[in-house]
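Trainee: fold the following and give me the result.
(one chain, ligands or ions: 1)
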Amino acid sequence: MTRPIAIVTGASSGIGSVYADRLAARGHDLIMVARDPERLRNAANKLTERYAVSTTPLSLDLSRHSDLDILLKRIREEENIELLVNSAGIAPSGSVLDSSEEVLDQVVHLNVNVLHALTVAAAKTFVAKGAGAIINIASVVALMPESFNGSYAAGKAFVLSLTQALDAELRPKGVRIQAVMPGFTKTEIFKRAGLDSSVIPAGMMMDAGQMVDAALSGFDAGELVTIPSLGNEGLWKALNDARHDLGPHLSLDRPAARYLGSANRYDLVPPN
Ligand SMILES: NC(=O)c1ccc[n+]([C@@H]2O[C@H](COP(=O)([O-])OP(=O)(O)OC[C@H]3O[C@@H](n4cnc5c(N)ncnc54)[C@H](OP(=O)(O)O)[C@@H]3O)[C@@H](O)[C@H]2O)c1
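Mentor: This is a model prediction of the structure:
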């Protein structure tokens with residue numbers, strides 16, 4: 001019997017490892033991607049034992065072009081791949097000014113360039129098949145860029161924008177895409193970045209299992225953007241409505257009156 005295959009990047013830890021678990025429970029075979037081969041193999045074996053699905057651990061450093069190419073080829077050529085979860089990601093430990101350019105480059109490369117390449121490859125492949133879905137793990141800092149490292153936050157805004165833009169192309173062709181916007185989530189990301197997560201108020205930190213279950217519930221409901229902690233949906237709707245209301249004002253044949261210097265003001269006077 002052929003089962004649908006889900007690819008999960010970052011499947012050895014945190015949010016990605018919970019997705020792998022939940023998708024296996026839903027009957028997907030898995031291609032699980034991360035760097036550490038032993039950890040990945042252990043995680044894959046556990047899921048095979050628990051859910052009797054087939055799991056393929058693929059030890060790749062996605063920030064390397066040659067490794068990324070291996071996964072891109074797999075997405076394009078392997079039949080039965082129906083879902084891509086982009087969860088591999090890293091965070092910097094401090095502000096932009098406190099971070100080395102090398103670290104910021106690594107963050108932007110993995111969180112933006114790699115996710116972009118995988119998303120585009122999956123989008124084209126799924127459209128050719130007429131089915132499939134992509135889940136991109138963004139972050140609420142996309143909406144509050146002032147609250148965190150700007151390179152990381154801008155990368156997450158890229159993920160949100162890419163997902164929103166692609167939805168318009170993909171949905172009519174039978175392909176789903178979702179941006180998941182977690183707030184602080186209990187994972188290893190803080191320790192890996194050298195950040196002390198104990199300073200984050202407990203009331204702001206969600207369990208990774210609850211976060212992913214909520215995100216999957218949003219996915220099942222057909223949501224394009226899911227903010228697991230947001231109780232008042234009206235707030236997101238108001239922000240989105242305001243963005244769309246701006247639309248007709250964003251590209252006109254002349255600057256707004258307040259930007260016209262006195263030398264140009266005569267332009268506004270209709271000719272006699
Ligand atoms: N935790 C939060 O508070 C939070 C909030 C909002 C958004 N997010 C986002 O959620 C996603 C998952 O983060 P997490 O919190 O679950 O972090 P995590 O526990 O540190 O997991 C990160 C995963 O990515 C893998 N990974 C890292 N670099 C990689 C590379 N170069 N190539 C392949 N795999 C790589 C890691 O495994 P290896 O080290 O073995 O490669 C691990 O499996 C990220 O995109 C993050 O930005 C997290």
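Trainee: what parts of the stretch 151-272 of the chain come near the ligand?
Mentor: Listed as neighbours of the ligand in the stretch 151-272 of the chain under the rule C-beta under 6 Å from any ligand atom: P182, F184, T185, T187, E188, I189, R192. (Each C-beta comes from the backbone N, C-alpha and C, glycine too.)
Trainee: quick check: the farthest pair among the residues you listed?
Mentor: When these are compared pair by pair using C-beta to C-beta, the two farthest from each other are P182 and R192, 16.0 Å apart.
Trainee: neighbours of R76, how many?
Mentor: Counted with other C-beta atoms under 10 Å, residues neighbouring R76 total 13.
Trainee: and what of P201?
Mentor: Every residue meeting other C-beta under 10 Å relative to P201 is counted, giving 7.
Trainee: contacting residues around it?
Mentor: Contacts of P201 were listed using C-beta atoms under 8 Å, 6 or more residues apart in numbering, and none were found.
Trainee: so where do the helices sit in the stretch 1-150 of the chain?
Mentor: Taking DSSP state H, counting those that start in this stretch as the criterion, the stretch 1-150 of the chain contains helices spanning 14-25, 37-51, 65-77, 101-108, 115-129, 150-170.
Trainee: may I have the second one exported as PDB, CA atoms only?
Mentor: As requested, the backbone C-alpha atoms of helix 37-51 are provided in PDB (Å, rounded to 0.1, in the frame of the first residue of the first chain):
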ATOM      1  CA  PRO A  37      22.600  11.600  11.700                       C
ATOM      2  CA  GLU A  38      22.400   9.600  14.900                       C
ATOM      3  CA  ARG A  39      19.700  11.800  16.500                       C
ATOM      4  CA  LEU A  40      17.700  11.700  13.300                       C
ATOM      5  CA  ARG A  41      18.000   7.900  13.000                       C
ATOM      6  CA  ASN A  42      16.800   7.500  16.600                       C
ATOM      7  CA  ALA A  43      13.900   9.800  16.000                       C
ATOM      8  CA  ALA A  44      12.900   8.100  12.800                       C
ATOM      9  CA  ASN A  45      13.200   4.600  14.400                       C
ATOM     10  CA  LYS A  46      10.900   5.600  17.300                       C
ATOM     11  CA  LEU A  47       8.200   6.800  14.900                       C
ATOM     12  CA  THR A  48       8.400   3.700  12.800                       C
ATOM     13  CA  GLU A  49       8.000   1.600  15.900                       C
ATOM     14  CA  ARG A  50       5.200   3.700  17.300                       C
ATOM     15  CA  TYR A  51       3.100   4.300  14.100                       C
END
